[in-house]
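**Student:** build me a model from this:
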Amino acid sequence: MDMQRIKHQQTIHYKDYLQLDKILQAQLPESKKDGNEAHDETLFIITHQAYELWFKQVIHELNSILEIMGEEDFNLRSSKLHVVIDRLRRISKIFTLLVQQLDVLESMSAMGFMEFRRLLSTASGFQSFQFRQIEAMMGLKFSERHGCAHYKKHLHPCQLGQLMGMSDNPSILSLVNNWLEKLPYFEESLWSDYTPKFPLSYSRHVFWNDYRHLYVKSLIETDDEKLKYFDEKIIRDENNPAGLSTKARRAGLFIFLYQDCPALNGGFQLLNLLLEIDEQMALWRYRHLNLVRRMIGTKSGTGGSSGQDYLMKSLSKHYVFSDIAELNTFLIRRTELPALGQLLSQEFGLIYNDYLPKTG
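**Tutor:** Sure thing, here's the model as predicted:
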């Protein structure tokens, strides 16, 4: 067996390993069929094929992340936390690359695109099933998509069924919610030696009661709307079925506040990378929107969509991790953070008093 393996390693060729004969023969410009090839069509095809290859890699990474985070023992102390962080970082880098790749496509002029656009018929990037899979795996439910009727009309029936069914599967968002809910930082027994700063009035938990007072003091001026928003998202148990639960939001905010504690920094990196990915995907949509404006103006998209109007509305509606981003609304200065008690600090290594003002 070892000799066979050595022989295999010695005889495999670069082009065979990469299947280059298949890949490099996969560019078949429609304009070439009538003997009047549009020069820019090859660029258009290769760019979109490259997107699909990167989408395949993103799905590969997401599948592994979903598997790891779905394990019962996944938590902030899990040895696999760094694996999830590394793979989320890779996904973020891939989307950064996909945004940059538009620079190359933008070297094509509108007139260059018009030479072959009519030959695309109903084919459209809107029909990229892999990208729709990525959105669903992240946590975008079918019912929350802009233009659901358009999906039903223009996606292949088999793909449409798969996409709708994915809303019932675990997603990155749902597993992050479960993970945050399991964090034990607010068990009453761990706060018995905590010294409250204010009388208990707003929350049954001493930390969030204190924190609401400190948040009010941090506002430049009294803002009833911000306070109502804080109470809705953090104090009252009003869950959003499409996003994070109140319990998960509290844990997420706690991680953001004490992110410099070594025990919480891994959790902060995970949440922050989800925001980076959301940002990169939104930037990709925005750049795509501007590219469409440059190329076809206000014409309808080739797949039957409304073109730039669809892209603009999906840009604002298809953020997946909005609940995580909103937690930054409720931050205060490090030096104002409550000192944590010894029980919590000893149990989880959350000693975080270095930033507090020195007295005496």
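
**Student:** which one's the longest helix in the chain?
**Tutor:** Ranked by residue count, the top helix of the chain under DSSP state H comes out as helix 262-296.

**Student:** just list what it packs against, helices and strands only.
**Tutor:** helix 81-105, helix 110-114, helix 172-182, helix 246-257, helix 308-317, helix 322-326 (3 or more C-beta pairs under 8 Å, 6 or more residues apart in numbering; DSSP states H and E). All C-beta spots, glycine's among them, are computed from the backbone N, C-alpha and C.

**Student:** of all those helices, which one is nearest residue 295?
**Tutor:** Minimum separation from residue 295 across those (C-beta to C-beta) falls at helix 110-114, 4.9 Å.

**Student:** would you mind measuring from residue 244 to residue 179?
**Tutor:** From residue 244 across to residue 179, the span is 11 Å (C-beta to C-beta, to the nearest Å).

**Student:** the two: which is more packed in?
**Tutor:** residue 244 (25 against 22; other C-beta atoms under 10 Å).

**Student:** give me the element the more buried one is part of.
**Tutor:** Residue 244 belongs to no helix or strand when elements are defined using DSSP states H and E.

**Student:** burial measure for the residue lying closest to it once chain neighbours are set aside, as a count.
**Tutor:** Leaving out its chain neighbours, the residue that sits closest to residue 244 by C-beta to C-beta, 6 or more residues apart in numbering is residue 323, at 4.1 Å. Using other C-beta under 10 Å, residue 323 is surrounded by 21 other residues.

**Student:** I'd assumed residue 243 was in contact with residue 323.
**Tutor:** Yes - between residue 323 and residue 243 a contact is recorded at 3.9 Å, counting by C-beta atoms under 8 Å.

**Student:** what bits of the stretch 151-300 of the chain have low per-residue confidence?
**Tutor:** 153-154, 222, 238-241, 298-300 (pLDDT under 70).

**Student:** re earlier: between the helices and strands packed on helix 262-296, which gets nearest to residue 64?
**Tutor:** That would be helix 81-105 among the helices and strands packed on helix 262-296, by C-beta to C-beta, at 6.2 Å.

**Student:** so which bits of the closest one are buried?
**Tutor:** By neighbour count on 16 or more other C-beta atoms under 10 Å, the buried set for helix 81-105 is 81, 84-85, 87-89, 91-92, 94-96, 98-99, 101-102, 105.

**Student:** now it and helix 262-296, what's the angle there?
**Tutor:** In terms of direction (axes from the mean of the first three to the mean of the last three C-alpha atoms, to 10 degrees), helix 81-105 departs from helix 262-296 by 20 degrees.

**Student:** off-centre distance for helix 81-105?
**Tutor:** 11 Å (C-alpha atoms, centre = their mean, to the nearest Å).

**Student:** stretch 251-259 now?
**Tutor:** 18 Å.

**Student:** kindly export it (C-alpha atoms) in CSV.
**Tutor:** The C-alpha coordinates for stretch 251-259 follow below in CSV (Å, rounded to 0.1, in the frame of the first residue of the first chain):
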residue,chain,number,x,y,z
ALA,A,251,-25.0,37.4,27.0
GLY,A,252,-23.8,39.0,23.8
LEU,A,253,-23.8,42.5,25.3
PHE,A,254,-21.9,41.1,28.4
ILE,A,255,-19.3,39.7,26.0
PHE,A,256,-19.0,43.0,24.2
LEU,A,257,-18.6,44.9,27.4
TYR,A,258,-16.0,42.7,28.9
GLN,A,259,-14.4,41.6,25.6
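
**Student:** can you list contacts of it?
**Tutor:** Here stretch 251-259 makes contact (C-beta atoms under 8 Å, 6 or more residues apart in numbering) with 180-181, 183, 185-186, 234, 244, 264-265, 267-268, 271, 324, 327-328, 330-332, 337, 340, 350, 352.

**Student:** check stretch 155-169 too.
**Tutor:** With C-beta under 8 Å, 6+ apart, stretch 155-169 has contacts from 127, 129, 132-133, 136-137, 141-143, 151-152.

**Student:** now it: buried residues?
**Tutor:** For stretch 155-169, using 16+ other C-beta under 10 Å, the buried residues are 155, 160, 163-164, 166.

**Student:** ok, stretch 201-219 next?
**Tutor:** 202-203, 205-213, 215.

**Student:** now, which of those lie within helices?
**Tutor:** Per DSSP H, the subset of these in helices is 206-213, 215.

**Student:** including distance to residue 15, could the residues you listed go into a markdown table?
**Tutor:** Shown next, in a markdown table, are those (distance: C-beta to C-beta, whole Å):
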| residue | distance to residue 15 |
| --- | --- |
| 206 | 66 |
| 207 | 61 |
| 208 | 61 |
| 209 | 67 |
| 210 | 65 |
| 211 | 61 |
| 212 | 64 |
| 213 | 67 |
| 215 | 61 |
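
**Student:** nearest to residue 173 among these?
**Tutor:** Residue 173 has its nearest neighbour among those in residue 208, at 23.3 Å by C-beta to C-beta.

**Student:** quick one: contacts for that closest one?
**Tutor:** 202, 234-235, 250.

**Student:** which among these gets closest to residue 57?
**Tutor:** Of the contacts of residue 208, the one sitting nearest to residue 57 (C-beta to C-beta) turns out to be residue 250, at 34.6 Å.
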